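**Student:** Please find the sequence and the predicted model below.
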Amino acid sequence: MSLQTQMHKDLITAMKAKDVDKKEAIRIIIGEFGRQNEKELSDDQVIAIIKKLIKSERELLAAKGEEESAYIRVLESYLPKQASEEEIRAWIEANIDFSAFGNFMQAMKPVMQHFGAAAEGNLVKKVLSTFK
């Protein structure tokens with residue numbers, strides 16, 4: 001079942017359970033789906049939308065001086081398990097030969113290709129900067 005289909009089913013479940021936070025968060029995500037060119041989105045496209053919404057919400061919360069919200073927790077529940085800093089570091093040490101790159105940041109592409117949506121770009125960048 002696609003992530004998009006799962007979210008539609010979760011919306012119905014949240015409405016029946018009267019879970020206001022989850023219902024409102026899923027409605028916002030589904031609204032973003034409607035702004036896309038395609039009707040059916042791949043899981044990668046859905047994850048990209050969710051990450052964009054999380055980033056936007058975190059910026060708003062930072063401006064208010066707050067850190068977390070129920071909205072972010074609901075959105076994050078749909079993301080794949082994120083790789084830890086240690087997992088990223090271990091993979092880089094085992095698989096990346098920095099002599100093949102002009103500078104260490106050029107190794108970002110193969111790392112992101114390996115981890116995909118399971119790694120946040122800023123975390124990968126932070127880990128790579130320790131290999132200077």
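**Tutor:** On my side now, so go ahead. The shown structure was predicted, so the numbers you read here are calculated from the model rather than taken from an experiment.
**Student:** what's the longest helix in this structure?
**Tutor:** Counting by DSSP state H, the longest helix found in the chain is helix 43-64.
**Student:** residue ranges for the helices of the protein, please.
**Tutor:** Using DSSP H, helices in the chain cover 3-17, 20-34, 43-64, 70-76, 85-95, 108-115, 121-129.
**Student:** What residues of the longest helix of the chain count as buried?
**Tutor:** Val46, Ile47, Ile49, Ile50, Lys51, Leu53, Ile54, Glu57 (16 or more other Cβ atoms under 10 Å). (Glycine included, C-beta is placed from N, CA and C.)
**Student:** Could you list which residues are in contact with the first one?
**Tutor:** Just to be clear, that refers to Val46. Ser2, Leu3, Gln4, Met7, Ile29, Phe33, Tyr78 (Cβ atoms under 8 Å, 6 or more residues apart in numbering).
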